[in-house]
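>>> below is the sequence, then the predicted model.
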Amino acid sequence: MVNIQIDSSCDESFSLIHLEVNLFLWYDLRRGDTMFLFFFNDNYTAIIGDIIDSKKSGDRNTIQKNLKEVLEHINKKYQDFLASKFMITLGDEFQGLLKDKNMVMTIINEIEMLMFPVQIRFGIGIGSINTDINFNNSIEIDGPAYNRARRMINALQKKKFQYEEAYSNIMLCSEDENEEIDYLINSVLSVCSALKRNWSKRQAEIITVFIECGENQYKAAEALKITQSSVSKALKNSNYYTYRAAIKNIDNFLSKERKKPND
């Protein structure tokens with residue numbers, strides 16, 4: 001059964017009808033006609049992270065401890081954007097659920113920088129959730145959003161053994177009708193992954209501190225006890241601003257509401 005709520009506060013002759021299937025109708029009370037029909041994308045965004053080659057690392061216990069601390073930091077800093085907080089689910093995996101698509105790349109980028117040089121693959125799934133949402137336990141949550149994120153993790157794992165494929169450590173999957181858009185976004189993510197792959201440990205350290213300092217070169221230089229010109233040089237040589245522009249454009253694109261008229 002569809003729950004319908006009528007709000008006539010917008011205009012005395014029109015009423016906004018809200019259906020719980022993410023459907024909005026403009027309704028003319030004088031004639032009883034539907035004037036416009038809009039579908040708003042109100043979906044969740046699931047993120048699944050998987051540490052790459054963790055079994056080959058020298059100290060898995062240290063990596064696990066660092067990951068736990070990083071996720072606690074993310075949960076606190078971005079709590080207003082989370083539907084369910086990030087948590088470690090398996091030995092090498094973690095997941096979290098965002099209320100919408102805002103900040104998805106910003107959050108992933110921060111996790112990557114704080115965990116560097118540990119390499120992580122990320123599967124992003126946009127879609128609905130079929131279960132109750134527990135903020136403190138994302139393991140209990142399931143639905144198309146998580147299914148799509150899992151599909152992307154599996155695709156990235158296969159890419160590792162397909163040497164002719166473009167390198168990437170992040171892939172996104174949304175609604176089935178968005179395949180072409182997903183392909184373009186994943187192509188941009190592949191370029192971003194290639195840029196990050198060439199960063200030295202020192203460049204990544206400077207970038208991390210630079211981000212933590214609100215992207216202020218002078219504050220970053222003071223924190224690192226180096227000159228501002230050294231910070232600027234590291235950012236330039238790593239193509240950081242190109243990388244940042246790409247992920248911000250993805251965030252901006254994903255955050256826009258989409259609507260389509262009734263056929």
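That came through fine. Residues are numbered from 1 along each chain as shown.

>>> tell me who's in contact with Glu112.
By Cβ atoms under 8 Å, 6 or more residues apart in numbering, Glu112 lies in contact with Ile120, Lys196. For every residue, glycine as well, the C-beta is placed using N, CA and C.

>>> is it in a helix, a strand, or coil?
helix (DSSP: H, G, I helix; E, B strand; the rest coil).

>>> Ala155 too?
Ala155 - assigned by three-state DSSP - is helix.

>>> the residue nearest to it when sequence neighbours are not counted is in what secondary structure piece?
In space, Ala155 comes closest to Met171 once its chain neighbours are excluded; the distance is 5.8 Å by Cβ to Cβ, 6 or more residues apart in numbering. Assessed by DSSP states H and E, Met171 sits inside strand 170-173.

>>> that strand pairs with which strands, parallel or anti?
strand 120-127 (parallel) (DSSP bridges).

>>> distance of Asp80 relative to Leu98?
Asp80 sits 11 Å away from Leu98, going by Cβ to Cβ, to the nearest Å.

>>> more crowded one of the two?
Leu98 (23 against 8; other Cβ atoms under 10 Å).

>>> check the secondary structure at the closest residue to the more buried one other than its chain neighbours for me.
Leaving aside its chain neighbours, Leu98 sits nearest to Thr45 (4.2 Å; criterion: Cβ to Cβ, 6+ apart). Going by three-state DSSP, the secondary structure assigned to Thr45 is strand.

>>> go ahead and confirm Thr45 touches Gly123.
No. The pair Thr45 / Gly123 is not scored as a contact, 11.1 Å apart, by Cβ atoms under 8 Å.

>>> which parts of the stretch 1-150 of the chain are helices?
60-77, 104-115, 144-159 (DSSP state H, counting those that start in this stretch).

>>> for Tyr218, find the nearest of these.
Taking Cβ to Cβ, helix 104-115 is the member of the helices of the stretch 1-150 of the chain nearest to Tyr218, at 19.7 Å.
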